[in-house]
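> Sequence and predicted structure are below.
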Amino acid sequence: MSMFGGPGVIGGIHSEVLKATPTDLAGKVSLIAEIKTRGRNAFASGNYPEAEMLYAKGIEVSDDDALKGRELSILHANRALARLNLGKVDEALNDGIQVRESDQWRGRADFVVFFRIY
């Protein structure tokens, strides 16, 4: 069981994670790790709305300068992929642009831009 209570509430409502508001760096790092795990699980099970919601929370928590860069790029890239699966192509493209501008994880950003062209 994770420090955030294990699996999400039935229906995909990860309330304890989505309501968490850590203020210290260690708390934010821990929350982002939990969000990424839950987001991956939601994505793998085809629950793209839940994955999108979790990655959005991770992006919100990543406002600390120490967390920007690769972690923020991964969250944007993963949310972009969830959004693509939801048919939210323009929103996915915007996430892809965020990744590309950070230049931290160019491979996934290029995928999103490529997808938009086709």
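Alright, I've got the coordinates. Numbers count the residues shown, from 1 in each chain.
> All the helices of the chain, residue numbers only.
15-18, 25-44, 48-61, 70-85, 89-102, 106-117 (DSSP state H).
> any weak-confidence spans in the chain?
Low-confidence regions of the chain, defined by pLDDT under 70, span residues 1-12, 103-118.
> Point me to the residue sitting closest to the centre of it.
Nearest to the geometric centre of the chain sits residue 55, at 2.3 Å (CA atoms, centre = their mean).
> Pull the contacting residues for it.
Counting by CB atoms under 8 Å, 6 or more residues apart in numbering, residue 55 touches 35, 39, 75, 76, 78, 79, 82. The C-beta positions use only the backbone N, C-alpha and C, and glycine is treated the same way.
> if we go to 10 Å?
Residues in contact with residue 55, defined by CB atoms under 10 Å, 6 or more residues apart in numbering, are 35-36, 38-40, 42-43, 74-83, 95.
> Same check on residue 83?
Taking CB under 10 Å, 6+ apart as the test, what residue 83 contacts is 48-49, 51-52, 55-56, 89-96, 112.
> change it to 7 Å
Residue 83 is in contact with 52, 91, 92, 95, counting by CB atoms under 7 Å, 6 or more residues apart in numbering.
> any chance of those residues in TSV, plus neighbour count and distance to residue 102?
As requested, the contacts of residue 83 are exported to TSV (neighbours: other CB atoms under 10 Å; distance: CB to CB, whole Å):
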residue	neighbour count	distance to residue 102
52	25	19
91	16	17
92	26	16
95	28	11
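> between these, which is nearest residue 67?
residue 95 (16.7 Å; CB to CB).
> ok, and the closest non-adjacent residue to residue 95?
For residue 95, ignoring the flanking residues on the chain, the nearest one in space by CB to CB, 6 or more residues apart in numbering is residue 80 at 3.7 Å.
> from what I can see that neighbour touches residue 96, true?
Yes: between residue 80 and residue 96 a contact is recorded at 5.0 Å, counting by CB atoms under 7 Å.
> who has more neighbours, the two?
Shown here are residue 80 and residue 96; by other CB atoms under 10 Å, residue 80 has more neighbours (29 against 26).
> Tell me how far the more buried one lies from residue 51.
11 Å (CB to CB, to the nearest Å).
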